[in-house]
Every structure is written in structure tokens, then in C-alpha cells.
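[1] below are the sequence and a predicted model; questions follow.
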Amino acid sequence: MINKAKIESMRYYFLDLPLWSMGMRSNPLKKRLVRSLQAETSQFLSGLDLMKRHTALPRINCSPEDLAEKAIWVKIIRESDAYTSLRMTRKRLDCYFRIEGLGHLQQFLKTGRPVFLLTGHIGSFFIPAIAFGHMGLSVFPIARTVEPSSVLPFERRLYERINYLLSGLRLPSSHYIFTSYPGTIDRKIIRLCNSEGIFWAALDLPGAYYSYKRMPVKILGFTSSLPSGLIQLGMKYNAVFLTAWNMVEPDPDAGFIRHLKIDEPFPEGLNVTQALQLYADRLSSVITAEPWQWAGIPIMHEFIEESRPGAGQVVPRPEKN
């Protein structure tokens, strides 16, 4: 028996998203893309409601339904970037990116210190590393390996593998650093820390997605936890920490453009707990201003740990056999 949902999912990932990335903007294509993610509207609205219970949101001139529609389009742009990355070149960089705060990063180049650009699941995770590469900066994105089990549908796992393959080919002078759910990480990161490597890393993962070395923090006014291993590693090598965000914004010419914004560096002398909380504070500020940008809204319940026993506790690395 033909599984209609699987066929539509395959069409979304491997036909409609590539067509969108090539500049196709027909109304039937737009409707199909939105329809493919329609189930996420209710998840976004549920997550937004949870967020509102804990957070004083600024006045936004949009209904919750309008915010959900914006979130759907941010996700479409984010996921189509697996194919859009194939078209990005140095000469055309301005067509895809508006970059702000690059000087915050440049001041630490050639200082002998590694740099960690801490981000969130806002816009496509990997595309900034491609943009940095076209600007002559080798930035290494730290990414989770694709979940091998049946937790994710086959078509989603296939899309993620293709995403890593295609975007990896477009990294001019760097490559992915892969980490796994239990906490293992490609040991090449140590060599890169010793040679002034620049890393792009998203720490906004709930415990169900990444369990290793978590520490308690406040996010959006509620108790949660975040992985701290990369901050601990960076501090070991005297790294510089900055936050950076890849926002998806409307553009009159291209329809959408990616606004890559790099914030001021973290103050010197912070400990791990303080640095992780500063990251959480900055992430919270971005989310409250534009909640449709964050991929974590539909799974907001995964981040709220106030009533969970052992919330925020460090999970030890499993022993090798």
C-alpha cells in the first residue's frame, strides 16, 4: 500500500525544496511547501503558549497564527539552504547575506587563541560557515551526527545526510566537526584549538537530543539545562567566546535574506557557569524579540525542566568496551 504521507515528505525534501532554492516562486509550489509543514503550526502555537507563561514578551504586532506562518517560512528557508548553498559564491554573497558585527570577530584573528561562535538553531545552522569561507575565514561548524535509529523518518534522515554532504562540499577551507548523542566528538577539534581554529556551535539542545555535560541555566525565565562541554573545552585552550545569529528576514529583491549578526565578545574571566548563562541570556533576548526565528519553539516542552528530577545534572561519558 502506498504511504501518501511518505510520498509527500519525499516530495517536500527532494523536489519542492530544491525548486524553491533555484528561485521557483510559483503559487502552487508555495502552497505545497506550507502544506507540508502544516502540522507544525499547532506545535509552534503550543510552544509559544508555554513560552508566554514564563516570559514577558515585547509587544509584537502579529497574531499567534501570523507568528506561526512566519516560523513556517523561516523553516522552509532553513531547510532549502541545503540546496541554496550550492549557488553561493564569493561574488554573489551580498545576494544572500547581510552581515553585521564582523569586526567583533576580526579583532581576535591572529591572536593565537581559538574562537567559539556560539549560536542557536536560528536560520540554517551550517550556511554561515560557508559565508565565512567566502570571506576568507575558515570556520568549522560543530554538528550532531544523523540519528541512526528509526526515531526520525527515513526521508528526514536521508535529507540530513544529503544536507551534510552538499553543504560540506561548499565549505571552502574547513569541514564539519561531528559530535554524537552520548558526547563523543571528533578529536580533530583539539588540533584546531591549538592552531587558532574558529568554531560555529549551537548549544540550544534539550537533554533528549544531547545528554553529555549538561549544566542548569535559566532560559526565557524558566529552569532548563544546556550542554557545557564546548565551553569547558574552549576555556581549557583560552578561547574567545562570542554569540552570533543567522536570522531569516524579508527582502524586497530576493524575498528573504539571511542577517548574520555577531555580538560583542564575552567578558574575560568568566567561569563555565557564567559563560553558559550569558549565552542563555543572549539566546533568550533573540527569541523574545523574534520567536518565529527559533526552531526550539515547537519543542519548548523539552527545554522546561523545573519539575524534572535530576534536571541539569551532568551525564557521564559512557565507557568504551
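    Now that the structure is in, tell me what you want to look at.

[2] list the contacts of Thr273.
    Applying Cβ atoms under 8 Å, 6 or more residues apart in numbering, one finds that Thr273 lies in contact with Met215. Where C-beta positions appear, they are placed from N, C-alpha and C, glycine not excepted.

[3] can you dump the C-alpha atoms of the helix or strand where Ser285 lies in PDB for me?
    According to DSSP states H and E, Ser285 maps onto helix 272-289. Extracted as PDB, the C-alpha positions of helix 272-289 are listed here (Å, rounded to 0.1, in the frame of the first residue of the first chain):
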ATOM      1  CA  VAL A 272      31.800  27.900  32.800                       C
ATOM      2  CA  THR A 273      28.600  28.600  34.600                       C
ATOM      3  CA  GLN A 274      28.700  32.300  34.000                       C
ATOM      4  CA  ALA A 275      29.600  31.900  30.300                       C
ATOM      5  CA  LEU A 276      26.800  29.400  29.700                       C
ATOM      6  CA  GLN A 277      24.200  31.600  31.400                       C
ATOM      7  CA  LEU A 278      25.400  34.600  29.400                       C
ATOM      8  CA  TYR A 279      24.800  32.600  26.200                       C
ATOM      9  CA  ALA A 280      21.400  31.600  27.500                       C
ATOM     10  CA  ASP A 281      20.600  35.300  28.300                       C
ATOM     11  CA  ARG A 282      21.600  36.400  24.800                       C
ATOM     12  CA  LEU A 283      19.700  33.500  23.200                       C
ATOM     13  CA  SER A 284      16.600  34.400  25.300                       C
ATOM     14  CA  SER A 285      16.800  38.000  24.100                       C
ATOM     15  CA  VAL A 286      16.800  36.900  20.400                       C
ATOM     16  CA  ILE A 287      13.900  34.600  20.900                       C
ATOM     17  CA  THR A 288      11.700  37.000  22.800                       C
ATOM     18  CA  ALA A 289      12.200  39.700  20.100                       C
END
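
[4] show me what counts as buried in it.
    Residues of helix 272-289 classed as buried by neighbour count (16 or more other Cβ atoms under 10 Å): Ala275, Leu276, Gln277, Leu278, Tyr279, Ala280, Arg282, Leu283, Ser284, Val286, Ile287, Thr288.

[5] what's the answer for stretch 159-171, then?
    In terms of neighbour count (16+ other Cβ under 10 Å), stretch 159-171 has its buried residues at Tyr159, Glu160, Asn163, Tyr164, Leu166, Ser167, Gly168, Arg170, Leu171.

[6] so which pair among these is furthest apart in space?
    By the measure Cβ to Cβ, Tyr159 and Leu171 form the most distant pair in the buried residues of stretch 159-171, at 18.7 Å.

[7] got any ranges where the stretch 201-321 of the chain has weak pLDDT?
    Where the stretch 201-321 of the chain drops to pLDDT under 70, the residues are 252-254, 307-321.

[8] before we move on, what about the stretch 1-150 of the chain?
    For the stretch 1-150 of the chain (pLDDT under 70), the answer is 1-2, 149-150.

[9] for it, which segments count as strands?
    97-100, 115-119, 139-144 (DSSP state E, counting those that start in this stretch).

[10] of those strands, which is nearest Ala295?
    Per Cβ to Cβ, nearest to Ala295 of the strands of the stretch 1-150 of the chain: strand 115-119, 11.6 Å.

[11] other SSEs contacting that closest one?
    Judged by 3 or more Cβ pairs under 8 Å, 6 or more residues apart in numbering; DSSP states H and E, strand 115-119 is in contact with strand 198-202, helix 229-236, strand 240-251.

[12] make JSON lines from these and add distance to Arg59 and mean neighbour count to it.
    Listed next are those as JSON lines, based on distance: least, Cβ to Cβ, whole Å; neighbours: other Cβ atoms under 10 Å:
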{"stretch": "strand 198-202", "distance to Arg59": "28", "mean neighbour count": "23"}
{"stretch": "helix 229-236", "distance to Arg59": "34", "mean neighbour count": "19"}
{"stretch": "strand 240-251", "distance to Arg59": "19", "mean neighbour count": "20"}
